[in-house]
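> Next come a sequence and a model predicted from it.
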Amino acid sequence: MISITPINDLNEPGISIYRSLKGKALERNGIFIAEGEKVVRALLKSKLRIISALMTEKWYEKLRSEIEKKAKKGFQVYIAGQKEMEKIVGFHLHQGIMATAETPPKLSLKQASKLWNSPHLLLAVNGIKDPENAGLIVRNSLAFGVDTLIVDKNSCDPYLRRAVRVSIGAIFKLPVVYIDRLPEALNWLKQKFKTRIIAAAPDPANQSLNKTDFLGDVCLVFGNEERGLSEEVVKTADSLVRIPMPGDLDSLNVSCASAVFLHHAAAKR
């Protein structure tokens, strides 16, 4: 059942959540914000529970059938005018259409393993701080068949507002496991599944991507945008792999590097 509420005042308690910029409080409460047409459409098609939506009358009419289909379990829709929506920071990004929803229940690595294909392809991030990189890595992962994204405690949550937006809703289809100690998780994968750990590291002495075997059960690992992988994570790796570059640069942005690795791995597999 849909509950429709017209909004004339942005101080309305029900929509205060949409003015949150950092999203840390939302993250602690297990809530995230989806903004923009593509992301909200993806959310409406997902299995995630929507709490509320905030949009202009134009968007409501355009998405009415999708909203009604999703709203069988019930959620609140707030309708605001163009001027009211423009007062919310980031109008050019949310386009006058936003929604809040519950993040999915957190999976353990063991629980996630029951969802994997055989052979499995996993991707782990080690200290990835930038939400845009996180969102792009999610998008790349879904595009190239990653079974689960493993996020360590030093990385940003891929359900942060900007990461969700950049992923264009890909995060709604990708299982995520949150890990405190990534080296221990990688070693568990090696012992339990004989998963090979292939870590991206741009040092010229490392193995070339072109000469790397990506068959079988594999977990790709990508490190911090500036510092790279932690020493403990490096010690778990079966292979340290670089992207061969004939030009003057020795490395790519981590989201770009993940796309190159994943495309290469998918082609080989």
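All right, it came through fine.
> Every contact and neighbour count from this point should use C-alpha atoms.
Will do.
> Can you report how many residues lie near the residue lying closest to Ser46 once chain neighbours are set aside?
Nearest non-adjacent residue to Ser46, counting by CA to CA, 6 or more residues apart in numbering: Phe172, 6.4 Å away. If you count neighbours by other CA atoms under 10 Å, Phe172 ends up with 22.
> gap between the spatially closest residue to Pro244 that is not a sequence neighbour and Asn140?
Nearest non-adjacent residue to Pro244, counting by CA to CA, 6+ apart: Ser208, 6.0 Å away. Counting by CA to CA, to the nearest Å, the gap between Ser208 and Asn140 amounts to 21 Å.
> So between those two, which is more surrounded?
Asn140 (22 against 16).
> I'd assumed the more buried one was in a strand, is it?
No: with DSSP: H, G, I helix; E, B strand; the rest coil as the criterion, Asn140 is helix rather than part of a strand.
> from what I can see it touches Phe261, true?
No: counting by CA atoms under 8 Å, Asn140 does not reach Phe261; the two are 9.8 Å apart.
> rewinding a little: phi and psi next, for the residue nearest to Pro244.
phi -80, psi 140 (degrees, to the nearest 10).
> Quick check: bridge partners of it?
With DSSP bridges applied, Ser208 shows beta-bridge pairing to Arg242.
> Local confidence estimate at it?
The model reports Ser208 with a pLDDT of 96.
> Equivalent analysis for Arg28, please.
Per-residue confidence at Arg28 stands at 69 (pLDDT).
> Kindly report the same for Ser16.
Taking Ser16 on its own, its pLDDT is 82.
> helix/strand/coil for the residue lying closest to it once chain neighbours are set aside?
Excluding the flanking residues, the one nearest Ser16 by CA to CA, 6+ apart is Leu10, at 7.4 Å. Look at Leu10: counting by three-state DSSP, its state is coil.
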